[in-house]
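Q: Quick one, structure for this:
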Amino acid sequence: MQATTSSSSDATDSASELVKSVFRLDVWYNPIMKEIFEANPEYRLTTLAADAGADDATSTAVLREAHAYQISSAKDETPLHWHAHAELLAKTPNLLCVSTSGAGYDTVDVDACTNAGVLVMNQSGANAVSVAEHTIGLMISISKRLGESDRRLRSETGFSRESLMGNELCGKTLGLVGIGHIGRRVAKLARALDMRILAVDPELDAPTIAERGAKKVDLEVLLAESDVVSLHCPRDESTEQMFNAAIFQAMKPGAIFITTARGGIHSEPALQEALETGHLAGAGLDVWDVEPPPLDHPLLAMPNVVATYHTAGVTHEARRNIASWAAEQVIHTLDGHMPTRLVNPEALPKYILRYEKVFGKKPAGYKTKVS
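A: You can find the predicted model right below:
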């Protein structure tokens with residue numbers, strides 16, 4: 001499959017050095033991204049086939065000229081050879097920034113980018129409303145047993161309404177592990193349900209968490225007191241497999257577990273055991289170790305599990321936000337300004353030197369001193 005290029009003008013050879021080149025793979029993006037780049041004549045957006053090799057002639061030519069890589073955050077939708085790792089960076093001598101399609105950056109080796117002087121940017125907050133609403137939807141579905149009721153009504157007769165009796169959320173305690181862009185919106189929605197809200201977030205102090213609608217506690221207290229525990233933290237070395245068998249056992253008996261964060265923060269086998277023993281009443285899962293999970297995954301067979309396919313942030317509104325935020329941030333950055341959602345600020349000194357080498361001038365929007 002050939003690469004497709006979008007530009008609002010046909011650049012001549014003499015002006016080609018002025019064109020700033022951005023590439024992405026042919027995964028789904030809201031059309032607003034293409035429209036924004038087309039409205040900026042000095043930018044060229046090229047789309048490569050995800051099933052193409054990074055070493056074929058078309059890909060090699062695009063990679064050699066690229067200044068920015070717009071990459072999907074979904075690790076299982078992005079072939080490994082297209083992840084932003086050291087091997088790919090070696091093929092992109094002019095690459096200055098990598099922009100992800102969400103808050104996460106599982107497809108990006110941040111350390112490799114930093115070492116190469118490549119900025120990593122995300123779209124944190126673009127899908128916050130959508131993910132927060134999805135979180136509340138999972139909470140309601142499990143507590144009111146909506147999924148179970150729907151499935152049984154379609155396949156059985158003769159059961160009583162009382163066999164599907166659920167619980168109200170009003171007056172219950174919600175524990176948020178992380179209260180950033182998404183967690184704070186979940187807290188706001190949960191307050192409308194008259195829920196008590198606790199939060200664990202090592203990056204924030206008690207007054208800030210209080211401003212976001214929750215009480216700061218340690219994890220032990222949150223687990224012991226929460227009727228619902230919802231994850232809204234990043235996946236990194238400190239959170240990998242954080243919710244293991246011991247943590248699930250420390251949760252309040254009969255509690256509900258929700259995650260719209262990232263697969264791998266919780267142990268799927270440990271969660272399965274906690275549900276099978278009855279220690280937990282149910283779980284709402286939007287993220288998985290492998291996405292989508294295999295059809296024979298044991299958690300999918302449990303009636304008290306509501307499962308979705310990493311779709312919490314997949315709404316028309318969120319996808320438009322992500323596409324427009326990403327395009328605007330890439331343009332803002334390559335025009336010489338500080339990115340608004342920079343993941344690796346430690347890359348700035350080397351990046352500034354590389355920017356000057358690539359474009360023949362220093363980026364105007366920086367005050368960073370280069371030693």
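
Q: Surely Leu271 and His297 touch.
A: No - Leu271 lies out of contact with His297 (Cβ atoms under 8 Å); the separation is 11.4 Å. Any C-beta I mention is one placed from the backbone N, CA and C, and that applies to glycine too.

Q: Would you mind telling me which of these two has the busier surroundings?
A: Taking other Cβ atoms under 10 Å, Leu271 and His297 do not tie; Leu271 has more neighbours (24 against 18).

Q: which residues does that one contact?
A: Leu271 makes contact with Phe243, Phe248, Phe257, Leu280, Ala283, Leu299, according to Cβ atoms under 8 Å, 6 or more residues apart in numbering.

Q: Disregarding flanking residues, what is the spatial nearest neighbour of the second one?
A: Spelled out, that is Phe248. Using Cβ to Cβ, 6 or more residues apart in numbering and skipping residues adjacent in sequence, the residue nearest Phe248 is Ala274, 4.0 Å away.

Q: helix, strand or coil for that neighbour?
A: Secondary structure, DSSP: H, G, I helix; E, B strand; the rest coil: Ala274 is helix.

Q: ok, so what distance separates it from Gly282?
A: Ala274 sits at a distance of 10 Å from Gly282 (criterion: Cβ to Cβ, to the nearest Å).

Q: more neighbours, these two?
A: Gly282 (25 against 21).

Q: That one belongs to a strand?
A: Yes - remark: Gly282 belongs to a strand, assigned using three-state DSSP.

Q: Give me the pLDDT for it.
A: pLDDT, Gly282: 98.

Q: now it: how far from Ala307?
A: For Gly282 relative to Ala307 (Cβ to Cβ), the value is 11 Å.

Q: ditto for Ala68
A: According to Cβ to Cβ, Ala68 and Ala307 sit 35 Å apart.

Q: Compare the two (neighbour count), which wins?
A: Using other Cβ under 10 Å as the criterion, Ala68 and Ala307 rank with Ala68 on top: 29 against 17.

Q: for the biggest helix by length in the chain, packing partners?
A: Longest helix in the chain, counting residues (DSSP state H): helix 316-334. Judged by 3 or more Cβ pairs under 8 Å, 6 or more residues apart in numbering; DSSP states H and E, the packing partners of helix 316-334 are helix 32-38, strand 68-71, strand 97-100, strand 119-121, helix 128-143.

Q: For the last one, report the contacting residues that lie outside it.
A: Pointing back at helix 128-143 there. Here helix 128-143 has contacts from 146-147, 166-169, 172, 174, 181-182, 185-186, 188-190, 193, 228, 230, 232, 256, 258, 260, 281-284, 286, 304, 306, 308, 311-315, 317-318, using Cβ under 8 Å, 6+ apart.

Q: Now list the buried members of those residues.
A: Buried members of the contacts of helix 128-143, counted by 16 or more other Cβ atoms under 10 Å: 147, 166, 169, 172, 174, 181-182, 185-186, 189-190, 228, 230, 232, 256, 258, 260, 281-284, 286, 304, 306, 308, 312-315, 318.

Q: Tell me where the model's unsure across the stretch 251-371 of the chain.
A: 367-371 (pLDDT under 70).

Q: redo that, cut-off 80
A: 365-371 (pLDDT under 80).

Q: picking up where we left off before, residues touching the residue nearest to Phe248, list them.
A: Shown in contact with Ala274 (Cβ under 8 Å, 6+ apart): Ala245, Phe248, Gln249, Met251, Phe257, Leu280.

Q: Quick check: it vs Ser163, distance?
A: 23 Å.

Q: secondary structure class for the residue lying farthest from the centre of the chain?
A: Here the chain reaches farthest from its C-alpha mean at Gly158, the gap being 43.1 Å by Cα atoms, centre = their mean. When classified by three-state DSSP, Gly158 comes out as coil.

Q: next one: Thr239
A: coil.

Q: now it: how far from Ile247?
A: The separation that Thr239 has from Ile247, given Cβ to Cβ, amounts to 11 Å.

Q: Repeat that for Ile142.
A: Separation of Ile142 from Ile247 (Cβ to Cβ): 19 Å.

Q: of the two, who's got more company?
A: Neighbours were counted for Ile142 and for Ile247 using other Cβ under 10 Å; Ile142 has more, 25 against 21.

Q: before we move on, back to that, list the contacts of the longest helix of the chain.
A: 20, 22, 28-33, 36-37, 40, 43, 67-68, 70, 96-97, 99-102, 119, 121, 123, 126-127, 129-131, 313, 339-341.

Q: Could you list the buried residues of stretch 44-61?
A: Those would be Arg44, Leu45, Thr46, Thr47, Leu48, Ala50, Ala52, Ala54, Ser59, for stretch 44-61 by 16+ other Cβ under 10 Å.

Q: typo on my end, stretch 70-77
A: Across stretch 70-77, burial judged by 16+ other Cβ under 10 Å covers Gln70, Ile71, Ser72, Ser73, Ala74, Lys75, Glu77.
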